[in-house]
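Visitor: return a 3D structure for these sequence lines:
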Amino acid sequence: MTKVPVNNTGWFTRLFLQRIWQPYIWIILAGFAVYGQALSFDYVTFDDDVLILDNYSFIGKISNLPSVFGQKVLNHYYRPVQIASYMIDAWLGGKDPYVYHFTNIILHLAASCLLFAFLAGMGYSRDKVFLLAMLFSVHPLFTQVVSWIPGRGDLLLSVFALGFFVILRKMLHKDYKPRPAAALRHTAMLMLLFLLSLFTKESGIALLAMAGLCMVIFGSGKIFNTQRIFFFIAYGVVILLWMSMRKHAVGTSAGQDVLGTLSITLSGLPAIVPFTGKFFIPAYLTVMPVMPDLSFIYGFMTLLLLAALPFFTNDRRWKYIFFGLAWFLVFLLPTFIRADPKGEVHFYEHRMYLPSVGLMVILLELFPFRNLPANSRALLFSCGAVFLVFALININYSRNFSDKFHFWEKAAKGSPHSSVAHIGAGNVYYLEGDLDRTVEEYRKYISLKEGDAITHYNLAEPEIHYNLGAIYLRQGKAAEAKKEFLSVTRINPEIAEAYFKLGMIYNNESKADSAAMMWQKCTELDPRSTDAYNNLALLSYNAGQTGKAAVLWQKVLSLRPASVDVIYNLALLYSRQNSRDSARAYVRLMKQGGIDTRRLQQMGIQPDSVLVKYFEEK
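Guide: A predicted model of the protein is given here:
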């Protein structure tokens, strides 16, 4: 059995590192122990419903696999590898969320193991690298990327990127002298991993920048030799291929608000501070953070500490520190770019997954990791204590991703300035039947909008007012309901159902003319609104306009032929006009449908005495 030479020969090495496979087993066990509960988690209805449930007619057919390269994701993105992974999950387990969560866990364990291999390949002590990889495997900051199914993109990107740099770092080693076949194989693997990264997330293009920096810092020989120039030309061709396929799937971005996108991107730069703080002190974690709700205190404390630590570090290696800082920024900054500058800007914690590798490189270069020996009890036990704390926080925090109710409740509480969070929470409370909490969350959204908050979600505003109106109607608050429905028509005058509800309210207020106006507008917007036609017919009938009522009811029957109440109304109308043949014809129509006087009574209709005679006729 292969043994690995390490500095530490005590219990720690024997238990965790003596065999080459041992650290990987422990990393896998630690990660699975923390994230195993995610296997019982449900969908949270935030992107996972769009990517999987609403898209199941596509991903549910494995034969559609080649077509993923022509599909766009969430209107703006090009991520065929991510969609292909969902397609494989669907092939294995259908819509059961278990299989999607299982894949996320496996990818996280693979990324944790590749992190260990990458840092060890950079020449760091396997003891120290193992400690950091164990912390990475249970870090609460990465709960979202594992426990939330759409975190798949960052997981795949990290696996491909870390695999890429494990191979590249090996090829840049001074003792790397492979046979031609091995060199060709390594080069092909790099190309494949880069291509997979691009097809996973747009930010995969950052691999090329880090590859160049890696060559400059760790490579030997001239910075621009023939081999490296060929390397970048080849990767340039790959990028052009990807850009062409992406443009075909997503479409041109000529009309995109470039200045708006740049403004949003620059405004997100302060988030670097709380992101850094959450990595070292995982407090104030939430599922949908927005800028006003981010805590900067721990971030500033961490940055001050990191700035001071080099002065307490022996034998500082600035180029490694610079490499770690560059990794952190190169992979984090692209996450601030928004395809839709008008949407609410979130700073999701899953976006720190790959950038955090750079912070780990910096940690390994600073006190105490740089100064203390690998077998230092202080280092081992302090890391062990942090590991236990991180694991417990993670296990507790993960439950916020167990289902839509926990997710949106946490979103609304943790991000009070997020319009999206309040809308989502209100929607799930509505489904749960908790109308008071629904109104509370919707009102919080409206107060944000009215206060001209920097976060808003305009497209949802008419829907929110409509839902509030429907709730108030159920609660018997007609005045409040009317105000909400009027708000809907003011914001978006094309929503037919709002006019229908207003017609109902005006009719209950005995304002027949206003009710008729609202229902008429409803039929103009929705020519198939049978309920509006029926109500207009009733108004006409009660006003003595029987001819108009007959025309409207016949319109209803043309759209909804089995409407028993409408057929009865027409029979009654013609009966009272002494049009016996027409009345008998509609009675026969009811009898053909299995309707008799007893059935009418069960439906709450007391048959007219003349119509009863028609029913009795053979």
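Visitor: the residue lying closest to residue 124 once chain neighbours are set aside: neighbour count?
Guide: Of all residues not flanking residue 124 in the chain, residue 364 sits nearest, at 5.2 Å (Cβ to Cβ, 6 or more residues apart in numbering). For glycine as for every other residue, the C-beta is placed from the backbone atoms N, C-alpha and C. Counted with other Cβ atoms under 10 Å, residues neighbouring residue 364 total 22.
Visitor: what pLDDT does residue 364 get?
Guide: If you check residue 364, the pLDDT there is 95.
Visitor: repeat that for the one 10 residues further on.
Guide: Note on residue 374: pLDDT of 70.
Visitor: from residue 251, how far off is it?
Guide: Distance, residue 374 to residue 251, by Cβ to Cβ, to the nearest Å: 53 Å.
Visitor: these two: which has the busier surroundings?
Guide: residue 374 (22 against 12).
Visitor: isn't the more buried one up against residue 125?
Guide: Yes. In terms of Cβ atoms under 8 Å, residue 374 counts as a neighbour of residue 125; the distance is 4.6 Å.
Visitor: what sits closest to residue 58 if chain neighbours are left out?
Guide: Leaving aside its sequence neighbours, residue 58 is closest to residue 64 (5.6 Å, by Cβ to Cβ, 6+ apart).
Visitor: again with residue 31
Guide: Excluding the flanking residues, the one nearest residue 31 by Cβ to Cβ, 6+ apart is residue 137, at 3.9 Å.
Visitor: which residues does that neighbour contact?
Guide: Shown in contact with residue 137 (Cβ atoms under 8 Å, 6 or more residues apart in numbering): 27, 30, 31, 34, 108, 109, 112.
Visitor: by mean pLDDT, which helix or strand of the protein comes out lowest?
Guide: Every helix and strand in the chain was compared by mean pLDDT, DSSP states H and E; the lowest is helix 258-267, with a mean of 64.
Visitor: need the CA coordinates for the helix or strand just after that helix. PDB is fine.
Guide: Proceeding N to C from helix 258-267, the next assigned helix or strand is helix 272-280, under DSSP states H and E. Extracted in PDB, the C-alpha atoms of helix 272-280 (Å, rounded to 0.1, in the frame of the first residue of the first chain):
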ATOM      1  CA  ILE A 272     -16.400  42.100  -1.400                       C
ATOM      2  CA  VAL A 273     -16.200  43.200   2.200                       C
ATOM      3  CA  PRO A 274     -19.100  41.100   3.700                       C
ATOM      4  CA  PHE A 275     -18.200  38.200   1.400                       C
ATOM      5  CA  THR A 276     -14.800  38.100   2.900                       C
ATOM      6  CA  GLY A 277     -16.200  38.400   6.400                       C
ATOM      7  CA  LYS A 278     -18.600  35.600   5.900                       C
ATOM      8  CA  PHE A 279     -15.800  33.300   4.800                       C
ATOM      9  CA  PHE A 280     -13.900  33.800   8.000                       C
END
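Visitor: name the helices or strands packed onto helix 272-280?
Guide: If you count contacts as 3 or more Cβ pairs under 8 Å, 6 or more residues apart in numbering; DSSP states H and E, helix 272-280 packs onto helix 297-308, helix 318-332, helix 356-364.
Visitor: how far off centre is the helix or strand where residue 436 lies?
Guide: Residue 436 is part of helix 435-450, with elements assigned from DSSP H and E. Relative to its chain's centre, helix 435-450 lies at 22 Å (Cα atoms, centre = their mean, to the nearest Å).
Visitor: got it, and stretch 504-517?
Guide: Chain-centre distance of stretch 504-517: 43 Å, with Cα atoms, centre = their mean.
Visitor: just stretch 487-503 next, same as before
Guide: Counting by Cα atoms, centre = their mean, stretch 487-503 comes out at 30 Å from the chain centroid.
Visitor: buried ones in it, by neighbour count?
Guide: The neighbour-count check on stretch 487-503 (16 or more other Cβ atoms under 10 Å) flags 487-489, 491, 495-503 as buried.
Visitor: now do the SS call for residue 286.
Guide: coil (DSSP: H, G, I helix; E, B strand; the rest coil).
Visitor: hang on, it packs against residue 293?
Guide: Yes. Look at residue 286 against residue 293 with Cβ under 8 Å: they come within range, at 7.2 Å.
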